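> how does the following fold in three dimensions:
(one chain, ligands or ions: 1)
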Amino acid sequence: MHVDPLEKRWLYVVGGIVAFTIAVQVYYAAAKGIHPPSNVQTIDSAKLHLSKEFAENNLGVHKNTDGSLDVTMVAARYGFYPQEIEVPIDTPVRLRIASLDVLHGLLVPYSNLNLMVVPGYISEANTTFTKLGEFPMICNEYCGIGHDYMYARVRVVPKNN
Ligand code: CUA
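Predicted coordinates for the structure are as follows:
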């Protein structure tokens, strides 16, 4: 089969890019232990209210004995529940959130929180808020006509108040 020399050169270039990309991923996965978020914990989205953890009266901020916080939330068209959470600054927070219906996102500026909230799964992330103030928690996955209005608030307050 005849391949034009110029085309052949580009095949090498493209092959090189693909090999480099795979090598980078293998390197970071194997040597640096960096993996995609894979908290593969499933939950029946239609029965959140029957689960212990995501039942309405269990949502919100829970304090652990070591001082860290567990935040339990539900994302549903078109809001986050609870609508507002209050957390002290410089405190480890473990956020767990589940969707009641469709795919949502969760993004809090000035933090590492940027999650996909996939129905059927529990999304989990650890963070520590290091800036005082009020921050929006916004949905960044298009979830329907009310997507633009889907947000909650995070209030980061001084410690021990
Ligand atoms: Cu929920 Cu967009």
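
> what residues does this protein put near the ligand?
Residues of the chain that fall close to the ligand, judged by Cβ under 6 Å from any ligand atom: His104, Cys139, Glu141, Tyr142, Cys143, His147, Met150. Every C-beta, even on glycine, is put in place using the N, C-alpha and C of the backbone.

> want to throw those into a markdown table with secondary structure, neighbour count and pLDDT?
Below are these laid out as a markdown table (DSSP: H, G, I helix; E, B strand; the rest coil; neighbours: other Cβ atoms under 10 Å; pLDDT from 0 to 100):
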| residue | secondary structure | neighbour count | pLDDT |
| --- | --- | --- | --- |
| His104 | strand | 30 | 95 |
| Cys139 | coil | 25 | 96 |
| Glu141 | coil | 18 | 94 |
| Tyr142 | coil | 13 | 95 |
| Cys143 | coil | 20 | 95 |
| His147 | helix | 18 | 96 |
| Met150 | coil | 23 | 95 |
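
> and the helices in this structure?
5-30 (DSSP state H).

> show me where it dips below the pLDDT cut-off.
By pLDDT under 70, the weakly predicted segments of the chain are 34-39, 161.

> circling back to that earlier point, now the residues of the chain next to the ligand as TSV including distance to Thr91?
Listed next are these as TSV, based on distance: Cβ to Cβ, whole Å:
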residue	distance to Thr91
His104	25
Cys139	24
Glu141	27
Tyr142	32
Cys143	30
His147	30
Met150	26
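
> which among those residues gets closest to His49?
Of all these, His49 sits closest to His104, with 17.3 Å by Cβ to Cβ.

> surely that closest one is in contact with Glu141?
Yes: using Cβ atoms under 8 Å, His104 is in contact with Glu141, at 5.5 Å.

> find the residues that touch each one of these two.
Met116, Val117 (Cβ atoms under 8 Å, 6 or more residues apart in numbering).

> can you tell me the centre-most residue of the chain?
Geometric centre of the chain, nearest residue: Leu115, 1.7 Å, by Cα atoms, centre = their mean.

> from the ligand, how far out is that one?
12 Å (Cβ to the nearest ligand atom, to the nearest Å).

> ok, Arg94 next?
In terms of Cβ to the nearest ligand atom, Arg94 sits 22 Å off from the ligand.

> list the contacts for the residue nearest to the centre of the chain?
Counting by Cβ under 8 Å, 6+ apart, the residues that Leu115 touches are Pro37, Leu95, Ile97, Gly105, Leu106, Leu107, Ser123, Ala125.
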